[in-house]
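1. Show me the folded form of this:
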Amino acid sequence: MIRAELTLGGQLEVVHFDVETKSEAIEKVWDTYGYLTRIERLSEVEHETDSIKSTDSNESAGASGNAQGDILQVNE
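-> As a prediction, this is how the structure comes out:
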């Protein structure tokens with residue numbers, strides 16, 4: 001799984017893609033959001049919960065099961 005930090009609409013968004021390589025993740029970003037999408041960072045993660053946790057300790061963020069990746073808003 002690849003964790004992508006993207007700038008979408010002026011905000012930083014974290015999206016998880018169920019792919020093997022960063023190159024495949026870039027293709028998914030382009031297919032989903034377009035070629036002009038700014039990719040801030042790509043990183044390999046074992047599970048979605050490795051990267052971002054919800055403030056509620058009973059629920060992990062990004063558990064919708066969407067095959068294209070979960071979109072999570074990060075407030076800075």
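
2. in a helix, that's where residue 26 is, yeah?
-> Yes - counting by DSSP: H, G, I helix; E, B strand; the rest coil, residue 26 is part of a helix.

3. Contacts only, for the nearest residue to it once chain neighbours are set aside.
-> Among residues not flanking residue 26 along the chain, residue 39 sits closest, at 6.9 Å (Cβ to Cβ, 6 or more residues apart in numbering). Every C-beta, even on glycine, is put in place using the N, C-alpha and C of the backbone. Counting by Cβ atoms under 8 Å, 6 or more residues apart in numbering, residue 39 touches 4, 5, 6, 26, 29.

4. where does residue 39 fall, phi/psi-wise?
-> Per-residue torsions, residue 39: phi -100, psi 110 (degrees, to the nearest 10).

5. quick one: it and residue 20, what's the gap?
-> Note on residue 39: its distance to residue 20, by Cβ to Cβ, to the nearest Å, is 17 Å.

6. Report the mean per-residue pLDDT for stretch 27-38.
-> Average pLDDT, stretch 27-38: 94.

7. Now it: buried residues?
-> 28, 29, 33 (16 or more other Cβ atoms under 10 Å).

8. so what secondary structure elements neighbour the one helix or strand residue 13 maps to?
-> Using DSSP states H and E, residue 13 sits in strand 11-17. Using 3 or more Cβ pairs under 8 Å, 6 or more residues apart in numbering; DSSP states H and E, the elements in contact with strand 11-17 are strand 2-8, helix 22-33, strand 71-73.
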